[in-house]
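# Output the structure for:
(one chain, ligands or ions: 1)
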Amino acid sequence: MQPHLRSIEPYDPNFTATRINLSANENTHPLPASVREAVDEVLAATPLNRYPDPMSDALRDEIAAVNDVSRAQVCVGNGGDELLYNFLLAFGGRNRSVLICPPCFSEYAFFAQLTETNVRTAGRDPRTLTLDEEALLACARTCDLVIVTSPNNPTGDLADLGLIERACHACHGLVMVDEAYIEFAGEDASALPLLAHLDNLVILRTLSKAYGAAGTRCGYVMAATDIIDALSAVRQIYSVNVLTQAAALALVRKRGALEPLTASIVTERARLQRALEELPGITVWPSSANFLLVRMAGATAIRNRLRDEYSILVRDFSAAAGLEDCLRITVGTPEENDAVIAALTELLP
Ligand code: PMP
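The predicted structure follows:
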């Protein structure tokens, strides 16, 4: 194995089969029947004997129309993960650097390692866990790439659009805004409108969260056409298979029917937050995503008891720097949220 890859271990999110899984920020609701039927219909009509369209043109056209950009400004990938990897493959590498703001999505550092891209970090406020804007901008001036996650996983905070604009001006390279959870953040939160006048801005989205389609593995990037051309050049030719392209197209077409579901998750997020805040000794950070970050003494033991005694799985971040005693809880269905509230009410002394 190449020396720079030797320390890498296979990704294992530590899934255990539980009654309730609130550990991976998926959409835990079943799709609305009309959406599921539309997906089933196109899947049934999709031939499997032919290779997929390597450019996913029909899907790119639909995504472009919805977001008011051109097809040439869209690249589709096998989940946001593939696009993150391709971003660092195309634009990172030896002697280049990427700036990230931990605690953030762990895959950034992983793909940086795979591509031998140097990782630089700008901190966050230790109490609010929000971005240190001055540190970010100062570091952006000397980095080739910047990744800002908005809303951020696992802290839930939203990046200010003015900051993103300033980061694009400060950085001589590219600024990616990872908007995997943007649909839960409300109108006007997205950096998409900035794309028209910032040619080094890259926006990443996924169908894994609000669209309820994590299993299909579909994400997309929107950026200036020269950036999309580079991302298209390095990708694995048929990485987005025929079933994913067909299902994703149906889902994007049916997005209106998914909006009430997103709205109900946002309502439940507020309810879950209020209920958790009433428990003794707990800190709950505000969130613009479909999860809540919470801190409590003995978090790892509580996470294990939730799993073993209540069959509820949440994500333990206690080992991450700055997130000591923190758990991340996905906002689930009302019943799932009730179950986690009831369990924590029993477990917290
Ligand atoms: N960005 C962030 C911030 C995420 O949390 C995730 C998934 N957890 C992704 C990107 C990638 O999502 P996917 O590969 O499922 O599209």
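
# contacts, neighbours, all on C-alpha from now
Noted.

# which regions of the protein sit below the pLDDT cut-off?
Applying pLDDT under 70 to the chain picks out residues 13-14.

# tell me the domain ranges of it?
The record assigns the chain these domain ranges, following automatic domain parsing: 3-30+256-347, 33-253.

# okay, the ones you listed in CSV with distance to the ligand next?
As requested, the domains of the chain are exported to CSV (distance: least, Cα to the nearest ligand atom, whole Å):
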stretch, distance to the ligand
domain 3-30+256-347, 7
domain 33-253, 3
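
# out of those domains, deepest packed?
domain 33-253 (a mean of 19; mean count of other Cα atoms under 10 Å).

# Ends of that domain, what's the gap?
For domain 33-253, the first and last residues are 15 Å from each other (Cα to Cα, to the nearest Å).

# close enough to count as contact, Val252 and Ala64?
No: assessed by Cα atoms under 8 Å, Val252 is found out of contact with Ala64, at 10.7 Å.

# Just the CA atoms of the strand or helix carrying Asn86, as PDB, please.
Here Asn86 sits within helix 79-91, counting by DSSP states H and E. Only the C-alpha atoms of helix 79-91 are listed here, as PDB (Å, rounded to 0.1, in the frame of the first residue of the first chain):
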ATOM      1  CA  GLY A  79     -23.600  10.600  -3.600                       C
ATOM      2  CA  GLY A  80     -22.100  13.900  -2.400                       C
ATOM      3  CA  ASP A  81     -19.100  11.700  -1.300                       C
ATOM      4  CA  GLU A  82     -18.000  11.000  -4.800                       C
ATOM      5  CA  LEU A  83     -18.200  14.600  -5.700                       C
ATOM      6  CA  LEU A  84     -16.100  15.600  -2.700                       C
ATOM      7  CA  TYR A  85     -13.500  13.100  -3.600                       C
ATOM      8  CA  ASN A  86     -13.500  14.300  -7.300                       C
ATOM      9  CA  PHE A  87     -13.200  17.900  -6.100                       C
ATOM     10  CA  LEU A  88     -10.000  17.100  -4.200                       C
ATOM     11  CA  LEU A  89      -8.800  14.800  -7.000                       C
ATOM     12  CA  ALA A  90      -9.200  17.500  -9.600                       C
ATOM     13  CA  PHE A  91      -8.200  20.500  -7.600                       C
END
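
# which other residues reach that helix?
The contact list for helix 79-91 (Cα atoms under 8 Å, 6 or more residues apart in numbering) reads 76-77, 107-108, 111-112, 115, 117, 145, 180, 204-208, 214, 216-221, 230-231, 234-235.

# Same check on stretch 183-195?
Contact with stretch 183-195 is made by 151, 158, 161, 164-165, 177, 179, 182, 201-203, 210, 223-224, 262-263, 265-266, 288-290, as judged by Cα under 8 Å, 6+ apart.

# Centre of the chain to it, how far?
How far stretch 183-195 lies from its chain's middle: 14 Å, per Cα atoms, centre = their mean, to the nearest Å.

# what does stretch 113-130 give?
Using Cα atoms, centre = their mean, the offset of stretch 113-130 from its chain centre is 16 Å.

# same check, this time on stretch 264-281
On Cα atoms, centre = their mean, the centre of stretch 264-281 falls 21 Å from the chain's centre.

# what does stretch 277-293 give?
Centroid displacement of stretch 277-293 relative to its chain, using Cα atoms, centre = their mean, is 19 Å.
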